[in-house]
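> Output the structure for:
(chains A and B)
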Amino acid sequence: MSTPSSSRRHFVRNAAGTTAFLLLAGHDFRARALAATALSDKPQFFTPEEIRFLNAACDCIYPHDDLGPSATELGVPVFIDRQMNTPYGRGELWYMTGPFREGPANLGYQLPFAPRDLYRKGIAGADHYARSARGKVFADLDTHDQIEILTAFEGGAVHFPDLNARLFFEQLRRNTLEGVFADPIYGGNRNMEGWALLAFPGARADFMDWVNQEGAAYPFAPVSISGQKA
Amino acid sequence: MTLKRTDVVIIGAGWAGAILAKEMREAGRSVVMLERGPERSTATEGTYPGSIDELRGAIRHRLFQNPAKTTVTIRNTVNQTALPYRQLAAFLPGEGVGGAGLHWSGVHFRAAPDDLRLRSHVIDRYGAKFIPEGMNLQDYGVTYEELEPFFDKAEKVFGTSGEAYRVNGQIVGNGNVFAPSRSDKFPLPAMQDVYTASLFRKAASEAGYHPYSLPAANASMQYTNTYGLQMGPCNFCGYCSGYDCYMYSKASPNINILPSLRYDSDFTLITDAHVLKINLDSDRRKATGVTYLDQRENRETTIEADLVILAAFQFHNVHLMLLSGIGRPYDPISNTGVVGRNFVYQTITTSRAWLSENQFTNQFVGAGGAGVAVDDFNSDNFDHGPLGFVGGSPIWVNQAGVKPIAAALNGGGKSAPRWGAGYKAGLVDTYRHSLAMDAHGSNMAYRDVYLDLDPTWHDSYGQPLLRMTFTWKENDIRMNQYVVGKIEPIMKALGARRYELGRLEHGEAFDTRRYQTTHLGGGAVMGTNPNESALNRYLQSWDVSNVFVIGSNAFPQGMGYNPTGMVAALAYWAAYHIRTTYLTQPGPLVTL
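This next block holds a predicted model:
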């Protein structure tokens, strides 16, 4: 995915968000949810360079195609940025007491890094690797090269100074997919288009009349926790 | 500093603790219940729509134990260094009022009679040589007939939905033909079959098996339970597993028991109270009470009590026994001691069928306890003689409500890309047109699979973490593979476009990174021989007679069924004997 087209989509998305905010200003609950989304688009944790990496990498993991929008179009980098300032992002949901020792992969994560550290170190490592291997930082490579690099990370043969690149890739894949499919209140899944792809009805959460309709598709579009309708 | 005194102190506000609290209050004893997590009320935290937020719920662990404060270490074999379980994944203990009983799914089984006397049964049918070297196969020391009134009592408290097969020896319905006779029907009719469950029911019949509705502690209708507490009818919202039920349909201690104690002045629930140890007198034969850390005030507090009920999650019970010096710790080298011995889990593997593109499986519709199962390959319902393994698995479709993040992380099956081009198509096809079925099976106990205290890592209170030594053994892998092979005829009868069978592989080590089940068991088991069990058949410590330890820690081996129904029945069983015998004559309920 080339940088210019990504930028254009960002512009379109931001403009649409603003319009929706103005139109719905009378609807208090929705308006506040949308305003929160619009206001915090500005990254709080990541640097502009890191955001460029995220925009590019998240769109490799979850690309724009004929099935729907990409991760960036859905607000995923915003989602990940906001997650960095939560107890999860700070590693407060993980046991982070030492000593830290390596072991077999099946015994799980053993590094002293919270998610926010994994991103800081991982993005630096990825850009360093991209520059060494392909002469440019990750975001400036063409999509084909970006995908090759992420594939190498996923394969486990690349090591950054403090961590294996696979760990970083898995963290990024996990958080990208969370951002596509979490409630829009967290900044991703814009207009519930992540849910629409799956025909997941969001916060409807009442299927008394749809327990068994002999395999017919569920007919209603999603709603969100804050009451948005698709 | 001693601040309080009570007749009975109960550690843990989950199912076991809530049942014992209710029973001890009915017996007129004052009760203090200590819960290390926060208060959790369905009327506030559990309301729609905040409670059905997948990110905050199952993904960021709203109701699960936070391992930041305390966790376990895990290794596969005795010669490895165990490492901390830093990120919750393979199993998800609860924290806060309700415990894991607030975020459970609701599958509510009784135990199979053969499973309760498995050692005796295997020897009777196949001979003593059938038991592999190193397998600690044991009986529970209690029979189905003895427990039946307590299974019945628990179902009437939980508002369990199901269809009976046999009541008082008479065939009464289309239930599980392998299930033992009951003294009464289920309190509520079976949950409706979701589409995928109805397909499974038909296909399993065509394959020659005997499908039945899973017994579910999800209310199929409005219900008022034994304690006068009300449940609403389940609307299949799909938020049972990992969530609190905003419809008041899934049984939990928070809905089905604790409200009946809330205005009782002789019942005190103290939250944010992390128990550090059970205190013993100088000859270590009697508990004097417990010491806990009041986490709000960061102050250690001691409560004196006549009777201590240890009713935390399975491995926390074992941990507290080890920290308190109750019972002799197990040593796998000398094969002596009992606390930590017979640590068990369950095997579970998931298989998947992809149906035609005009069959929408709507997997977001569901209820955690509902579904259709077959027991043809569970317990000893089939001849193990030529097979050479012990144990079995029910097979089921248990569509608990598949949420999008969980679905996205799993992706589109073994052949689909995990990300990038082709990922979305595989995910969409899988989410919209597939169905999952599980082989949810037994796990036997082995001499070198056990729990003890870790030599290196500590919790945030300065106490050593519990160490798990656990891996899959050949007996259980072969059992799983055999049962999964029996799924294939169901897949064919379903007319699946394609299917994938999930199975344990030979030599496969336990992987802590992938969710399997939270059905951990053993480590402080019940039995008739104090050299093989930490508890007698009334779940009373052999060594410290005023300590009862209630939970799946009492299971000598992991059964094919989900554990909560058995835990609840054992809780009522122990409570009955405490009330009728122990309270009038404190001391060991079994003397040798």
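
> Residue B:102: what secondary structure?
At residue B:102 the chain is in helix, as set by DSSP: H, G, I helix; E, B strand; the rest coil.

> so who does it touch?
Contacts for residue B:102 (CB atoms under 8 Å, 6 or more residues apart in numbering or on different chains) come out as B:14, B:40, B:63, B:94, B:96, B:244, B:252, B:253, B:254. For the C-beta atoms, the positions are set from N, CA and C on the backbone; glycine is no exception.

> Kindly report the same for residue B:76.
Going by CB under 8 Å, 6+ apart, residue B:76 touches A:104, A:106, A:107, B:469, B:470, B:471, B:509, B:510.

> Next, count neighbours for the third one.
Neighbour count for residue A:107, taken as other CB atoms under 10 Å in any protein chain shown: 25.

> how many other residues sit next to residue B:80?
Neighbours of residue B:80 under the rule other CB under 10 Å: 15.

> quick one: it from residue B:467, how far?
As defined by CB to CB, to the nearest Å, residue B:80 lies at a distance of 11 Å from residue B:467.

> Over to residue B:492?
45 Å.

> neighbour count winner among these two?
residue B:467 (24 against 14).

> Low-confidence ranges, chain A, go.
For chain A, the stretches with pLDDT under 70 are A:1-40.

> at 50 what do you get?
A:1-30, A:32 (pLDDT under 50).

> Which parts of it are helices?
A:3-23, A:28-39, A:48-61, A:76-83, A:115-134, A:143-155, A:165-181, A:193-198 (DSSP state H).

> got those as a markdown table, with mean neighbour count columns?
Putting the helices of chain A into a markdown table (neighbours: other CB atoms under 10 Å in any protein chain shown) gives the following:
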| stretch | mean neighbour count |
| --- | --- |
| helix A:3-23 | 13 |
| helix A:28-39 | 15 |
| helix A:48-61 | 22 |
| helix A:76-83 | 26 |
| helix A:115-134 | 19 |
| helix A:143-155 | 17 |
| helix A:165-181 | 24 |
| helix A:193-198 | 22 |
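
> closest one to residue B:586 among those helices?
Closest approach to residue B:586 among these (CB to CB): helix A:115-134, 51.9 Å.

> how deep is the spatially closest residue to residue B:90 that is not a sequence neighbour tucked in, by neighbour count?
The shortest distance from residue B:90 to any non-neighbouring residue, by CB to CB, 6 or more residues apart in numbering or on different chains, is to residue B:512 (4.7 Å). Counted with other CB under 10 Å, residues neighbouring residue B:512 total 27.

> does residue B:512 belong to a helix or a strand, and which?
Per DSSP states H and E, residue B:512 falls between elements, in no helix or strand.

> Relative to chain A, how far out is residue B:354?
From residue B:354 across to chain A, the span is 13 Å (CB to the nearest CB, to the nearest Å).

> ok, now residue B:132?
24 Å.

> any idea how far the residue nearest to that residue when sequence neighbours are not counted is from residue B:386?
Distance criterion CB to CB, 6+ apart; nearest residue to residue B:132, sequence neighbours excluded, is residue B:475 at 5.7 Å. From residue B:475 across to residue B:386, the span is 15 Å (CB to CB).

> before we move on, what about residue A:47?
66 Å.

> Between the two, point out the one with more neighbours.
residue A:47 (11 against 5).

> Contacts only, for that one.
With contacts taken as CB under 8 Å, 6+ apart, residue A:47 has no neighbouring residues.

> Using the three-state scheme, assign residue B:351.
Residue B:351 is classified as strand under three-state DSSP.

> Can you name the residues that contact it?
So, once contact is read as CB under 8 Å, 6+ apart, residue B:351 ends up touching B:436, B:437, B:438, B:439, B:484, B:487, B:491, B:499, B:500, B:501, B:502.

> before we move on, back to that, show me what the helix or strand where the residue nearest to residue B:132 lies is packed up against.
Using DSSP H and E, residue B:475 sits within helix B:474-485. Applying 3 or more CB pairs under 8 Å, 6 or more residues apart in numbering or on different chains; DSSP states H and E, we find helix B:474-485 packed against strand B:347-354, strand B:434-441.

> Include mean pLDDT when you put those into a markdown table, please.
Supplementary listing: these in a markdown table, determined by pLDDT from 0 to 100:
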| stretch | mean pLDDT |
| --- | --- |
| strand B:347-354 | 98 |
| strand B:434-441 | 98 |
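
> Ok, which of the ones you listed comes nearest residue B:30?
strand B:434-441 (40.5 Å).
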